[in-house]
Each structure stands twice: as structure tokens, then as C-alpha cells.
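Undergrad: Requesting a structural model of the entry that follows:
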Amino acid sequence: MTLDWRRGRGPASHGRFDRRSFLFGSAAMGLGTLALGGCKTSDSTSLAEAASLYGPLPQEKFPIPAVDIAKVDPKYYRKTVAYETKEAPGTIIVDPKNYYVYRVEDGGAATRYGANVGRDGFLWSGDAYVGRKSEWAVWTPPKEMIKRQPEAAKYARGMPGGLDNPLGARTLHLYQNGAYTLYTIYATSDPETIGSGITSGCVGLLSQDMIHLYARTPVKTKVVVLPA
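TA: Residues are numbered from 1 along each chain as shown. So this is what the prediction gives:
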């Protein structure tokens with residue numbers, strides 16, 4: 001399957017280079033389309049439950065603060081839902097149209113996470129797999145991004161892991177036919193981005209959700225991205 005390499009064309013950030021710069025500058029790819037079954041949601045998660053799910057994680061290498069859940073639409077809180085699919089348990093399914101990521105569970109269920117996804121012109125669909133995993137990964141901006149956003153040049157040799165690193169606390173790097181696609185599922189500390197299309201193709205989950213998914217996702221896990 002041929003990859004369609006495309007770079008973001010968002011504006012350069014002003015002042016501090018941060019996650020938003022990466023979201024508009026990260027690479028995207030195009031894959032073949034495929035269709036899959038739908039789902040129905042369970043009862044809503046209460047605010048108390050959400051506060052527990054998205055509390056601080058002080059034990060992390062770089063302590064993660066609590067999510068301001070007031071900035072997240074409650075429909076994007078993590079929850080277990082009924083989900084009909086032929087995919088095996090453990091499979092990750094990205095639904096960019098509805099801003100969700102699912103992990104297929106046993107018994108016709110899935111764990112559902114709210115997500116940010118690619119903006120118009122940078123969406124893709126098809127199959128990939130988790131080729132490697134990273135905790136607090138070093139991030140290196142592509143040459144095309146440095147040309148477009150000169151402030152990124154200081155990270156040409158890599159930006160160390162940390163709260164300001166665009167890849168966040170955990171990253172699933174997606175591969176196809178043995179090749180890294182530059183596409184990732186990553187951790188975001190920007191709750192206001194959940195439920196929006198802002199990236200150049202990558203998918204972001206709240207840090208607490210990404211850590212939860214990461215721990216349950218081995219290398220070689222299948223990832224299916226639905227058409228938008």
C-alpha cells in the first residue's frame with residue numbers, strides 16, 4: 001500500500017515552541033479505506049468519576065497534573081461501551097468522524113477514549129500496526145517543519161521528553177509493511193483539543209487516557225483507522 005506523505009501548513013507559533021506547533025507541523029499519511037461496524041454508548045460518566053479518571057499522576061517521571069475536565073465535553077470521557085466489530089480483542093480502532101479511539105474488548109464491548117484527529121485535508125483511513133512504543137519520547141521535527149517554522153530548529157537534534165514535548169508521556173508509533181509511517185497515537189495535555197480536528201494526521205488522547213491505553217497495547221497490535 002502506498003503512503004501519501006503530506007506536511008502540515010499551519011502558521012508558525014509565536015514565542016515558546018509548544019505542542020500546538022507540533023500538531024500543525026507533524027507528518028500525515030494516506031492509507032486505503034475500509035468499513036467497520038458501529039457502536040452504541042453506555043450511560044454517561046459522572047463528573048466525580050471523570051475527576052477520578054483524570055486526576056494527577058505524581059508518580060510519573062515528569063509529574064502529570066490533573067485534567068481540567070471542565071474543558072472536555074463529557075461525551076469524550078473514557079468509558080466502556082457496547083461495540084460490534086469483527087476485529088479481535090485488543091485491536092485499536094480510530095473513528096476520526098466522531099473523535100473517538102476504541103480498544104476492542106471481549107464480549108462485544110470496547111474501551112472508548114475521546115481524541116483529537118487530523119484536520120481537513122490530512123485525514124486518512126486503513127490498517128496499520130504498533131511497530132514500537134515510547135515513554136517520554138525524544139521528538140525530532142522533520143526538515144520540512146524546520147523550514148516552515150524556524151523556531152523548531154533548536155530541536156533539530158531532538159527535544160528531550162517532558163511535559164512540553166509534543167509526543168507527551170506515551171507514544172504508539174504506527175508502522176505499515178515494516179516501515180514507520182510517521183503517524184502516532186500520542187498523549188496530549190491540551191484538554192480543549194479533544195473532539196477537534198487540528199493535527200496533520202496524528203491522533204491525541206488525554207495523557208491519563210493514553211497511559212491507560214499504552215499499558216494494554218503490545219507491539220504488533222493492529223490499528224484500524226475508519227474513513228471520516
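Undergrad: so where's the protein shaky on pLDDT?
TA: Applying pLDDT under 70 to the chain picks out residues 1-44, 121-122, 200.
Undergrad: can you give me the strands in it?
TA: 6-7, 27-28, 39-40, 79-83, 92-95, 100-104, 109-114, 117-118, 126-135, 170-176, 179-188, 197-199, 203-206, 222-225 (DSSP state E).
Undergrad: got CSV for those strands, with mean neighbour count too?
TA: Bear in mind the C-beta positions are built from the backbone N, C-alpha and C, glycine included. Shown next, in CSV, are those (neighbours: other Cβ atoms under 10 Å):
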stretch, mean neighbour count
strand 6-7, 18
strand 27-28, 22
strand 39-40, 14
strand 79-83, 17
strand 92-95, 23
strand 100-104, 23
strand 109-114, 23
strand 117-118, 26
strand 126-135, 18
strand 170-176, 22
strand 179-188, 22
strand 197-199, 22
strand 203-206, 28
strand 222-225, 22
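Undergrad: Which among those strands is found nearest to residue 66?
TA: For those, the distance to residue 66 is smallest for strand 203-206, at 10.6 Å, taking Cβ to Cβ.
Undergrad: Give me the contact list for stretch 48-57.
TA: For stretch 48-57, the surrounding residues in contact (Cβ atoms under 8 Å, 6 or more residues apart in numbering) are 45, 63-67, 69, 72, 74, 77-78, 206-208, 211.
Undergrad: Span of that stretch from start to end?
TA: Stretch 48-57 has an end-to-end distance of 17 Å (Cα to Cα, to the nearest Å).
Undergrad: now swap in stretch 127-141 and tell me
TA: Terminal residues of stretch 127-141 are spaced 25 Å apart (Cα to Cα).
Undergrad: Give me the neighbour count for residue 153.
TA: Using other Cβ atoms under 10 Å, the number of residues around residue 153 comes to 14.
Undergrad: oh sorry, the question was meant for residue 169
TA: By other Cβ under 10 Å, the residues close to residue 169 number 26.
Undergrad: Do a quick rundown of the helices in this protein.
TA: Applying DSSP state H to the chain gives helices spanning 19-25, 47-53, 143-148, 207-215.
Undergrad: Turn those helices into TSV, including distance to residue 105 and mean neighbour count.
TA: What follows is the helices of the chain, written out as TSV (distance: least, Cβ to Cβ, whole Å; neighbours: other Cβ atoms under 10 Å):
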stretch	distance to residue 105	mean neighbour count
helix 19-25	29	23
helix 47-53	17	13
helix 143-148	37	16
helix 207-215	12	20
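Undergrad: Let me have the strands of the chain in a markdown table, extended by distance to residue 163.
TA: Shown next, in a markdown table, are the strands of the chain (distance: least, Cβ to Cβ, whole Å):
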| stretch | distance to residue 163 |
| --- | --- |
| strand 6-7 | 25 |
| strand 27-28 | 23 |
| strand 39-40 | 33 |
| strand 79-83 | 26 |
| strand 92-95 | 25 |
| strand 100-104 | 22 |
| strand 109-114 | 20 |
| strand 117-118 | 22 |
| strand 126-135 | 13 |
| strand 170-176 | 13 |
| strand 179-188 | 10 |
| strand 197-199 | 19 |
| strand 203-206 | 13 |
| strand 222-225 | 26 |
